[in-house]
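[1] A predicted structure for the sequence below; I have some questions about it.
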Amino acid sequence: MTGGAGFLGSHVVDALLKAGDDVVVVDDLSTGDRANLDPRAELRIADIADLSALQRELGSRRIDAVVHCAAKTKVVESMTKKDLYERVIVGGTRNVIETTRRLGASIVVNISTGGAIYGETPICADENVPVDPQSNYGRFKAAAEKLVELSDLRAVTLRLANIYGPRQRTDLEGGVIAIFLGCWKRGEPITLFGDGSYERDFVYVADVVEAVLAALAGTYAGIFNIGTGIATSVNELVSAFSMILGPPPSVRQAPARPAEVLRACVNPTKAAREGLWRPTTALAEGLRRTAAAEGVLLA
Ligand SMILES: NC(=O)c1ccc[n+]([C@@H]2O[C@H](COP(=O)([O-])OP(=O)(O)OC[C@H]3O[C@@H](n4cnc5c(N)ncnc54)[C@H](O)[C@@H]3O)[C@@H](O)[C@H]2O)c1
């Protein structure tokens with residue numbers, strides 16, 4: 001498991017441990033946190049972009065499967081730190097594939113992005129829509145997908161919509177739900193970029209974990225969108241939060257951010273049709289569970 005000390009990765013680790021698996025996590029703790037990680041998982045601290053460090057930390061153990069979550073994940077930052085993003089996302093994925101093969105695993109579940117790879121999606125994009133990433137982050141994720149696809153491993157790439165849920169950091173630019181929740185908690189103003197009409201497809205983290213487990217267990221290969229197929233504007237998100245937590249402390253307007261699309265939504269029909277996965281947690285329920293887990297709302 002790469003990136004297992006991060007937001008999504010640590011939830012996947014919890015589920016694998018619960019299923020009785022032995023889990024080894026490779027993480028450089030750059031945005032992850034040791035505190036996210038169940039101590040029963042073995043943590044090896046290494047940069048996936050450094051092949052010799054990766055191989056030194058993992059040694060010659062045998063592994064069955066790899067879930068590849070580690071990445072730099074900030075869309076806006078990727079425009080100013082292109083080399084870093086390329087090194088970690090493209091170079092890191094190449095190293096993970098090589099290491100996967102060397103340690104005997106036959107399957108890699110590659111965590112990719114639906115939100116940042118299709119470009120503008122006036123209609124929620126299915127997997128046949130040609131990719132049109134607007135940011136370096138999205139472009140490098142697309143390149144990493146190709147590397148995985150061209151490997152001789154059973155590879156499942158999951159193109160995830162915007163994930164939310166407990167443990168999401170509030171300082172990472174994508175986590176608008178975590179950021180808003182932090183504002184409600186501290187009584188601080190929420191910031192709306194542009195006019196708040198930009199839309200995202202918000203998928204609950206526990207649902208995404210189910211998709212990862214299904215990809216590991218089955219005989220699936222190829223690319224699957226993992227999202228709800230519902231585009232929610234940030235203004236609608238504020239209303240949904242208000243129903244649960246009361247009105248926001250106050251609202252601040254800020255200019256729209258560069259490299260961000262207005263509407264990002266994925267169509268998850270293929271995953272449902274092929275029996276891999278379907279979303280089960282409605283936004284209101286996911287927000288309620290997240291607020292309860294973060295202590296903003298009594299459970
Ligand atoms: N959060 C979302 O909405 C979302 C949406 C689509 C796709 N994704 C993808 O899901 C994955 C997990 O994202 P997340 O939101 O949990 O972010 P995160 O930052 O919490 O997790 C990323 C993890 O990777 C680790 N990492 C980063 N660079 C590394 C390196 N060079 N070597 C080793 N470890 C490294 C970090 O320390 C962290 O633990 C990423 O691949 C991301 O692109 C996330």
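    Here it is on my side, so go on. Numbers count the residues shown, from 1 in each chain.

[2] and Val25, bridged to which residues?
    Note on Val25: beta-bridge partners by DSSP bridges are Leu43.

[3] I figured it hits Leu43, correct?
    Yes: Val25 lies in contact with Leu43 (CB atoms under 8 Å); the separation is 5.0 Å. To be clear about C-beta, it is placed using only N, CA and C from the backbone, and glycine gets the same treatment.

[4] next, show the common contact partners of those two.
    Common contact partners of Val25 and Leu43 (CB atoms under 8 Å, 6 or more residues apart in numbering): 4-5, 37.

[5] contacts with the ligand among these, please.
    Ala5 (CB under 6 Å from any ligand atom).

[6] between the shared contacts of Val25 and Leu43, which is closest to Gly187?
    Ranked by distance to Gly187 (CB to CB), the shared contacts of Val25 and Leu43 are led by Ala5 at 30.0 Å.

[7] on that earlier part again, neighbour count for Val25 and Leu43, which is higher?
    More crowded of Val25 and Leu43, by other CB atoms under 10 Å: Val25, with 27 against 20.

[8] can you name the residues that contact the more buried one?
    Counted by CB under 8 Å, 6+ apart, Val25 has contacts 1-2, 4-5, 9, 13, 37, 41-44.

[9] now, which of those residues lie within helices?
    9, 13 (DSSP state H).

[10] and which of the contacts of Val25 is nearest to the ligand?
    The closest of those to the ligand turns out to be Ala5 (CB to the nearest ligand atom; 4.2 Å).

[11] for that closest one, which residues are in contact?
    Per CB under 8 Å, 6+ apart, neighbours of Ala5: 25, 27, 29, 32-34, 36-37, 43.

[12] quick one: neighbours of the residue nearest to Cys69 when sequence neighbours are not counted, just the number.
    Nearest non-adjacent residue to Cys69, counting by CB to CB, 6 or more residues apart in numbering: Gly3, 3.4 Å away. By other CB under 10 Å, the residues close to Gly3 number 28.

[13] show me the strands in this protein, by range?
    Using DSSP state E, the strands of the chain run over 24-27, 42-45, 65-68, 107-113, 154-160, 162-164, 190-193, 199-200, 202-204, 222-226, 232-233, 251-254, 263-264.

[14] is the first one anywhere near the ligand?
    Looking back up the chat, that one is strand 24-27. Yes: Strand 24-27 reaches the ligand (CB under 6 Å from any ligand atom) through 26-27.

[15] got it, and the second one?
    No: under the criterion of CB under 6 Å from any ligand atom, strand 42-45 makes no contact with the ligand; the nearest approach is 8.2 Å.

[16] and the contacts of that strand?
    Applying CB under 8 Å, 6+ apart, the set of residues contacting strand 42-45 is 4-5, 22-29, 34, 37, 57-58.

[17] equivalent analysis for the third one, please.
    Contacts made with strand 65-68 from outside it, assessed by CB under 8 Å, 6+ apart, are listed as 1-4, 9, 12, 93, 96, 99-100, 105-111, 148, 212, 216.

[18] from the residues you listed, which would you call buried?
    When the contacts of strand 65-68 are checked for burial by 16 or more other CB atoms under 10 Å, the buried set is 1-4, 9, 12, 93, 96, 99-100, 105, 107-111, 148, 212, 216.

[19] tell me which parts of the stretch 51-200 of the chain are close to the ligand?
    69-73, 88, 92, 111, 113, 115, 160, 162-163, 174.

[20] filter the residues you listed down to the buried ones.
    69-73, 88, 92, 111, 113, 115, 160, 162-163, 174.

[21] so can I have TSV of the residues you listed showing distance to Asn128 and pLDDT?
    Listed next are these as TSV, based on distance: CB to CB, whole Å; pLDDT from 0 to 100:
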residue	distance to Asn128	pLDDT
Cys69	25	98
Ala70	28	98
Ala71	24	98
Lys72	28	97
Thr73	25	95
Val88	28	98
Gly92	28	98
Ile111	21	98
Thr113	17	97
Gly115	17	91
Leu160	18	98
Asn162	21	95
Ile163	23	97
Gly174	25	63
